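**Student:** model this:
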Amino acid sequence: MASKSTRETAPLLVAPEELVQSSCCFVAEAEPCEESSEQSSWKIVATSYAAIVTVVLLVAWRSASPYAAAEAAASARAAVEPQALQEIVVMEESRSCSGVSLPCVGGIDVGGYGRLWLLQAGANTPAKPSTAPASVMNCNVLQVPMTGRVYGGDRCPGGPFYWPGLYANMMFLGKAFSFTVDLSAADCGCVVAMYLVSMNHNHARGLCKGDYYCDANSVCGVACTEYDVMEANKHVFRSTAHAADDPGGQAAGLGRGIAGLDWDKYHPGSDCIDTNLPFQVSVHFPPGDTMAIALAQRGHDCQPQIFSVKYPGIDEALSEGMTPVFSYWHSSDTAWFDGPGWNPTAPSFCSLEDYGRCGEMAFFAEMSLDTLDSDGLQGIM
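**Tutor:** Numbering: from 1, shown residues only. Got it, this is the predicted structure:
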């Protein structure tokens, strides 16, 4: 177990130079195309209609609750033609990775995919609605504060709007999704999570201020398929596949009641995955209802740590597309996750009295989505 001084001085992933891509925030404009007079007239009408809708929404937003404004916005947008919808979405997506206003917190450039916009959750939970806003640095680093949760999106709205079509519907089957994570501030009772849910297909607003969030445990009142790539802190790492009607799911990794990752390979100060430092995570989805996880760390000579979950329905769900979610949370009851006695051969690092020693931020960076090699493991073996 790391000493107090080690925890306090552990380096955080704060956009080191090798992660900063100064050219990622600008894309040259395309040549303008000629329009017929008929097309120009239609565009003027569509733009005018969009302006009227926008004014109506702004009046509603001033005079009603955020939930009511979001509901009105979603209904109005659904009735607007595609080109007029683009007039409402005011973000200049090709030029900036910064968000205009909440719920959009900015965009991350994902290798092999493109820009992934990140949308702040409407609420943490119905009982505890407060959720701290995440932020983006240099189009490459996502900072998620305690109680923060963000959803991957295809666009960045210019106001407090949610609707299912906002959310990215990414295709992961036959692909590997990789990223670097810094969870050095997450001690006992703290959970840094990256997972996939079927949000783009969900049309129930739920109980978290109508943001359409869903997961296998119905945190916001709506159940859907969920694949937890990681629920982790400095001491445990858990990957779980859930059907919409299976809150418990099937899990592997390091933690209570699961196997696949050895404690001596993953802990603060380890010579394999030292969790006081950033490390690399890669999830592989080869055909065959399998989710394979690989952990590695730059500068360490040990082989990547690989474990997998096989679960019925993974291929089908992935072929329909899923939305990535990033969060950082804590609870006074995470015995299922890192509770006392889960590994009697490991040092006693978590007691009920010590829960909740959570630092301010978790960091995600260097995201990429790549097609798998023929062996299904993208050359990590």
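
**Student:** which strand in this structure runs the most residues?
**Tutor:** What stands out as the longest strand in the chain, according to DSSP state E, is strand 361-371.

**Student:** So which elements touch it?
**Tutor:** Counting contacts by 3 or more CB pairs under 8 Å, 6 or more residues apart in numbering; DSSP states H and E, strand 361-371 packs against strand 104-110, strand 141-145, strand 175-182, strand 323-330. From N, CA and C alone the C-beta is placed, and that goes for glycine too.

**Student:** Please enumerate residues in contact with whatever helix or strand residue 228 lives in?
**Tutor:** Following DSSP states H and E, one finds residue 228 within strand 226-232. By CB atoms under 8 Å, 6 or more residues apart in numbering, the residues outside strand 226-232 that reach it are 177, 181, 183, 186, 191-198, 215-217, 237-242, 244, 249, 251, 281, 283, 291, 293, 314, 317, 322, 337.

**Student:** angle of the helix or strand just after that strand against strand 226-232?
**Tutor:** Moving toward the C-terminus from strand 226-232, the next helix or strand (DSSP H and E) is strand 237-242. For strand 237-242 against strand 226-232, the angle by axes from the mean of the first three to the mean of the last three CA atoms, to 10 degrees is 170 degrees.

**Student:** my guess is residue 273 meets residue 279, correct?
**Tutor:** Yes: taking contacts as CB atoms under 8 Å, residue 273 lies within contact range of residue 279: 5.3 Å.

**Student:** okay, and the common contacts of these two?
**Tutor:** 295-297.

**Student:** hang on, the earlier thing: filter the contacts of strand 226-232 down to the buried ones, PyMOL style.
**Tutor:** In PyMOL syntax, the buried subset of these is picked out as below (16 or more other CB atoms under 10 Å):
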select buried, resi 177+181+183+186+191+192+193+194+195+196+197+198+215+216+237+238+239+240+241+242+244+249+251+281+283+291+293+314+317+322+337
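
**Student:** Could you export the helices and strands packed on strand 361-371 as JSON lines, including distance to residue 259 and mean pLDDT?
**Tutor:** As requested, these are exported to JSON lines (distance: least, CB to CB, whole Å; pLDDT from 0 to 100):
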{"stretch": "strand 104-110", "distance to residue 259": "31", "mean pLDDT": "95"}
{"stretch": "strand 141-145", "distance to residue 259": "28", "mean pLDDT": "97"}
{"stretch": "strand 175-182", "distance to residue 259": "22", "mean pLDDT": "98"}
{"stretch": "strand 323-330", "distance to residue 259": "25", "mean pLDDT": "96"}
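
**Student:** With respect to residue 133, which of these lies nearest?
**Tutor:** When the helices and strands packed on strand 361-371 are compared by CB to CB, strand 104-110 sits nearest residue 133, at 5.9 Å.

**Student:** and that closest one with strand 175-182, angle?
**Tutor:** Using the same axes, to 10 degrees: strand 104-110 against strand 175-182 is 120 degrees.

**Student:** in the next helix or strand after strand 104-110, what's buried?
**Tutor:** With elements assigned by DSSP H and E, the helix or strand that comes after strand 104-110 is strand 114-120. Judged by neighbour count (16+ other CB under 10 Å), strand 114-120 contains these buried residues: 115-120.

**Student:** got it, and stretch 309-326?
**Tutor:** Under 16+ other CB under 10 Å, the buried positions of stretch 309-326 are 309, 311, 314, 317-318, 321-326.

**Student:** What is the nearest of the residues you listed to residue 363?
**Tutor:** residue 326 (10.1 Å).

**Student:** Which strand residues bridge that closest one?
**Tutor:** Beta-bridge partners of residue 326, counted by DSSP bridges, are residue 150, residue 194.

**Student:** Pull the contacting residues for it.
**Tutor:** Residue 326 neighbours (CB under 8 Å, 6+ apart): 118, 134, 142, 144, 149-150, 193-194, 364.

**Student:** Okay then, goodbye and thanks.
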